[in-house]
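In: Have a look at this fold, sequence not included:
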């Protein structure tokens, strides 16, 4: 609790407080500035060699977005100072200029007067981001160290007007570095405070950038000494077999690997690819994106002119030739160090004051690609991305690794070599909680050539997770025969059909830091069992629990069912949570449940390329709540391909009614809709259905005729509807989730009311009432 004297001082703080949001305490030997950026975010900054720092830094890019709140010094002496806002108090205890200062933070008496942060030296806070799980801590602190200013042109050659004093560092300014510049996020004791803290974090440090739409599609690489003829044959096979793919890339085989040739960019493998111009033209004709891997060898200390010019000339040369982006691979026998490493060591995984080559390389490659796209490519060229290492070590089962707090700005991230499927699941799920990295993924298929079931289990997870990048072995979908290929194709098709939801999930990540592969405690904080990292909620509404053991066909796993009602995606049976259950599925099936009270947006046909999808008609899979429940309103947004033009959706369920509101399209383009209302078992078909305020007749179709009935509606400018009955139990083997228009419900599910709305750009309404 707060000392009595300080409680007395705080009682009068409103009368003594000015309107400043920043105060300085200390003396000529050691000074600190405390800035109240908001009611829930405070900065405690030791003075640096060149004074206090107001510029952006490697970590902090959005400090000026905070307007600040009033702050005042309550009491100060030669040993400590007390500083207060209306919500928190900071006690600074001075030590020596060498050891710095320590801090304690309390809530004010009005908010309990409790200790939020115990006495902690500023130097002990970490510069790696380790955000706490929901409700597990009342604060998170991160230190901006090493602290340095990044110029606008970043790692590209500096312009002539660069400050001469910074010419040898390409405009990067390391002169005001100081250990201890700490930002403390006050999270409170509820989920609202935790979420507000995450929003403050991405405001301060910058959001994870939006990915280009194609990045949500399938990626493929394979270090296999490809020739141009063989590579082209593989790509033709993908298309001939109807397998969706957006990125096909070369591993190290693009380069001449003899001697020291891999240290350079002007020594491609012309024995296997005699004409790279033709190769890039072939990829463009097939509407594929591509990248090269790079194991960068340092030719001079980082940020010196010769090193900057060498890296820019080499990387930009191949961007100009035809690659879309780069893969920075720090997992090699040599790599570039971060700045200010003594000498020019070529060892991988080096650090400077804790700042690792993993983060520095991600910064270098992402910023260089972003600069090239902005200044040398058409305005409508897709957004930048790079493929970067997730952390220093290859990810192991049960391990958690954290990096510098700016690493989340450089997507996407891969977990290294030899990663097991179990670890791939854990790292993808946990990284969205602790590290603000929503696109962590592993080599899909693993770094080995397994059996067909191995690859099937991998693809099931990857297709319903962050990024699906087949790599590490011979993981072409057809490699284990037609049966495995058929199953893999189903999961690739599923991902592509859900592309409107994946792209919207990427928008939410950038806006709010809420991952679309979300550990269950992000939705149900504090509920026992919700923090398991072996399952997750995909795109808000689908529970996924991957099976990582492919030893046997039918395999059992334990699953935590969240609160509410959940419909098994394969059988249609409903289970209620929270509780633990054991489920078993064969190789072909991924354990999956639909939330009762869900709204999922899908494409009619996923097609073979994301950018070529036709969204002139979209499907809404609406899962009605089970039993009596309060009003449940769900909001979703459609972001148009390429332009990201918005269209808002709102679905409200009551006990016996549903109301869907489709907003007008932001870009004015018309769109048709197929609305599929999944009814609970025992709920009778709707007695009333109105579209845009007008009654609509409903046709009933038997399960065997569902596909035929849905596809044979005559082209019409008026709405129409059909009730689809569940398939027979004998036909359950045909069941696959999210098949869309005309597909029948699972055997144990209720009926589906499928409503077809003709194309329009204006707002629409759908209202239904059940008996």
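Out: Cool, the structure landed. The shown structure was predicted, so the numbers you read here are calculated from the model rather than taken from an experiment.

In: Let's verify residue 740: helix, strand, or coil?
Out: Three-state assignment for residue 740 (DSSP: H, G, I helix; E, B strand; the rest coil): coil.

In: wait, doesn't it sit right on residue 604?
Out: Yes - with contact defined as Cβ atoms under 8 Å, residue 740 reaches residue 604; the gap is 6.0 Å. In short, each C-beta sits where N, CA and C put it, glycine included.

In: what residues are shared contacts of these two?
Out: Here residue 740 and residue 604 have 497, 619, 674 as joint contacts, going by Cβ atoms under 8 Å, 6 or more residues apart in numbering.

In: Look up the pLDDT of the spatially most central residue of the chain for me, please.
Out: Nearest residue to the geometric centre of the chain (Cα atoms, centre = their mean): residue 438, 2.4 Å. On pLDDT, residue 438 comes in at 97.

In: That one touches residue 465, doesn't it?
Out: No - checked against Cβ under 8 Å, the pair residue 438 and residue 465 is beyond contact range at 10.5 Å.

In: which neighbours do the two share?
Out: residue 517.

In: Show me the strands in the stretch 651-771 of the chain, by range?
Out: For the stretch 651-771 of the chain, the strands defined by DSSP state E, counting those that start in this stretch cover 657-662, 671-678, 686-691, 694-695, 698-701, 720-724, 752-760, 764-770.

In: Next, the angle from the first one to strand 686-691.
Out: Read it as strand 657-662. Strand 657-662 runs at 20 degrees relative to strand 686-691, counting by axes from the mean of the first three to the mean of the last three Cα atoms, to 10 degrees.

In: cool, and the longest one?
Out: Angle between the axes of strand 752-760 and strand 686-691 is 10 degrees (criterion: the same axes, to 10 degrees).

In: Within the sheet, what are the partner strands of strand 752-760, with directions?
Out: strand 671-678 (antiparallel), strand 720-724 (antiparallel) (DSSP bridges).

In: For the protein, which element, helix or strand, carries the lowest mean pLDDT?
Out: When the helices and strands of the chain are scored by mean pLDDT, DSSP states H and E, helix 13-16 comes last with a mean of 42.

In: If you count neighbours, what's buried in the helix or strand following it?
Out: Using DSSP states H and E, the helix or strand that follows helix 13-16 towards the C-terminus is strand 22-26. For strand 22-26, a neighbour-count test (16 or more other Cβ atoms under 10 Å) marks 23, 25, 26 as buried.

In: Next: stretch 648-661.
Out: So, applying 16+ other Cβ under 10 Å, buried residues of stretch 648-661: 649, 651, 653, 654, 658, 659, 660, 661.

In: mean confidence score for it?
Out: 92.

In: Next, work out how far apart the closest residue to residue 309 other than its chain neighbours and residue 170 are.
Out: Counting by Cβ to Cβ, 6 or more residues apart in numbering, residue 157 is the residue found nearest to residue 309 once chain neighbours are left out, at 6.0 Å. As judged by Cβ to Cβ, to the nearest Å, residue 157 and residue 170 stand 8 Å apart.

In: Then residue 488?
Out: For residue 488 relative to residue 170 (Cβ to Cβ), the value is 46 Å.

In: who has more neighbours, those two?
Out: Neighbour tally, residue 488 and residue 170, criterion other Cβ atoms under 10 Å: the higher count belongs to residue 488, 26 against 23.

In: Model confidence at that one, what's the number?
Out: 98.

In: Is residue 194 part of a helix or strand, or is it coil?
Out: helix.

In: For it, give me its contacts.
Out: 132, 134, 135, 187, 188, 525 are the contacts of residue 194 under Cβ under 8 Å, 6+ apart.

In: Who wins on neighbours among those?
Out: residue 187 (26 neighbours).

In: wait, isn't it in contact with residue 139?
Out: Yes - between residue 187 and residue 139 there is a contact under Cβ under 8 Å: 5.8 Å.

In: Can you list the helices and strands that the one helix or strand residue 425 maps to packs against?
Out: Using DSSP H and E, residue 425 falls within helix 421-434. Identification of packing neighbours for helix 421-434 by 3 or more Cβ pairs under 8 Å, 6 or more residues apart in numbering; DSSP states H and E yields strand 440-441, helix 452-463, strand 517-518.

In: hmm, 6 Å instead?
Out: strand 440-441 (3 or more Cβ pairs under 6 Å, 6 or more residues apart in numbering; DSSP states H and E).

In: So in that sheet, which strands flank the strand it packs on, and in what orientation?
Out: For strand 440-441, pairing defined by DSSP bridges yields strand 413-414 (parallel).

In: So for stretch 510-517, what gets flagged as buried?
Out: Per 16+ other Cβ under 10 Å, stretch 510-517 contains these buried residues: 510, 513, 514, 515, 516, 517.

In: pretty sure the second one contacts residue 204?
Out: What that stands for is residue 513. No - with contact defined as Cβ atoms under 6 Å, residue 513 does not count as touching residue 204 (11.4 Å).

In: Distance-wise, check the closest residue to residue 722 other than its chain neighbours relative to residue 597.
Out: Closest residue to residue 722 apart from its sequence neighbours, by Cβ to Cβ, 6+ apart: residue 699 at 4.6 Å. With distances taken as Cβ to Cβ, residue 699 is found 26 Å from residue 597.

In: So those two - more neighbours on which side?
Out: residue 597 (19 against 12).

In: need the contact list for that one.
Out: 625, 632 (Cβ atoms under 6 Å, 6 or more residues apart in numbering).

In: So for it, what's the pLDDT?
Out: At residue 597, the pLDDT value in this model is 93.

In: what's the answer for the one 3 residues further on, then?
Out: Reading off the confidence values, residue 600 has pLDDT 98.

In: How about it: what's its closest non-neighbour residue?
Out: residue 621 (4.3 Å).

In: residue contacts, residue 692?
Out: Residue 692 sits in contact with 764, 765, where contact means Cβ under 6 Å, 6+ apart.

In: Give me the distance between it and residue 752.
Out: Taking Cβ to Cβ, one finds residue 692 at 21 Å from residue 752.

In: again with residue 207
Out: 37 Å.

In: Is it correct that residue 300 is in contact with residue 306?
Out: Yes - using Cβ under 6 Å, residue 300 is in contact with residue 306, at 4.5 Å.

In: So between the two, which is more surrounded?
Out: More crowded of residue 300 and residue 306, by other Cβ under 10 Å: residue 300, with 14 against 10.

In: For residue 168, see how far away the more buried one is.
Out: 11 Å.

In: Could you list the low-pLDDT ranges of the stretch 151-300 of the chain?
Out: The model of the stretch 151-300 of the chain has no residue with pLDDT under 70.

In: no wait, the chain
Out: 1-19, 97-98, 344, 628-630, 702-716, 771.

In: how about 50 then?
Out: Regions of the chain meeting the criterion pLDDT under 50 cover residues 4-5, 8, 11-18, 703-710, 712-714.
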